[in-house]
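1. mind folding the following:
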Amino acid sequence: AREPGLLQRRARGANDCADIETAQKSQMDDTMLAALRAGMGGLSQPGPRQAVGNRCCAYSFDSPYSAGGLFVNLKTFAGCGADFVQGDAARSGCALYAHHAWRKVPKAAAPDAAATVDAPPTTLGVGVEGGFEAEDAKYDVEKVRSVAAVVDGAPKLIALPNPAVPDFAVALVDAALDQEASDAATDRAWALADEEVKESKYARDLPQLSPEAGGRAAPLDPDPATWRCEASGDAENLWL
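-> A predicted model of the protein is given here:
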């Protein structure tokens, strides 16, 4: 069967969100508890260096911000959007998932917000003091995590914390969602373009040979832009 198109998925997204909100408000029942207990067998928390797809779907561009949130397979630790859970569960043989859904909420405007917005940046950087304001700084992020089990071909969610959920299932969900994502490096804060370069302790007292010992007639400047070959005057393809 063909995967649903983008427009179809967006249309279904609103229904996914409604289903998830309903599931999160529901109480644990015997069917869900039995599914959790059956699904926990053989599962373990991810290792310290194990890649966990808790930021992006392995089959699409879905993320925790997407309609339906993001599911994380608790056996393979692959992320998948709401449209792919049923197929992923069939392929992996695992019916238990961690789930989290994120929503951006605009922050309340501070009294001096207008002055801050109008002030020109003094540093070339994003999200740093004196630099450009990061887009994420304008929002608070509401996060809801749940444990999910695929029952009769459809994922059922129970929002956490919930005292009826077994402690081991809660530990699995927390470990999967708290693990640093495999693509987290691409989402870190930008480095300053004019970051100060500190002097290396190894170069501070590095001796230079005298002309009598085969060294240069003049000391070598720390700035590589000033380096020239003493024989030809060339500034490129230099060998030390």
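2. how far off centre is stretch 72-85?
-> 16 Å (Cα atoms, centre = their mean, to the nearest Å).
3. same thing with stretch 161-168?
-> 26 Å.
4. now stretch 141-153
-> Taking mean C-alpha positions (Cα atoms, centre = their mean), stretch 141-153 and its chain are 19 Å apart.
5. SS state for the closest residue to residue 234 other than its chain neighbours?
-> Spatially, and ignoring its direct neighbours in sequence, residue 234 is nearest to residue 228 (7.0 Å; Cβ to Cβ, 6 or more residues apart in numbering). Quick note: C-beta positions are derived from backbone N, CA and C, even for glycine. Under DSSP: H, G, I helix; E, B strand; the rest coil, the three-state class of residue 228 is coil.
6. wait, residue 228 touches residue 221, no?
-> No. Between residue 228 and residue 221 there is no contact under Cβ atoms under 8 Å: 9.8 Å.
7. residues that sit against both of these two, list them.
-> Among the neighbours of residue 228, none is also in contact with residue 221 (Cβ atoms under 8 Å, 6 or more residues apart in numbering).
8. re earlier: could you count how many residues lie near the residue nearest to residue 234?
-> Residues near residue 228, counting by other Cβ atoms under 10 Å, number 11.
9. separation between it and residue 212?
-> Distance, residue 228 to residue 212, by Cβ to Cβ, to the nearest Å: 21 Å.
10. residues in contact with the longest strand belonging to the chain?
-> When the chain is parsed with DSSP state E, its longest strand is strand 139-151. For strand 139-151, contacts defined as Cβ under 8 Å, 6+ apart pick out 20, 23-24, 31-32, 35-36, 39, 64, 69, 71, 85-86, 89, 95-107, 155-160, 165, 169-170, 172-174, 177.
11. also stretch 166-186?
-> Residues contacting stretch 166-186 (Cβ under 8 Å, 6+ apart): 36-37, 40, 43-46, 50-56, 72, 74, 77, 96, 98-100, 145-147, 160-161, 187.
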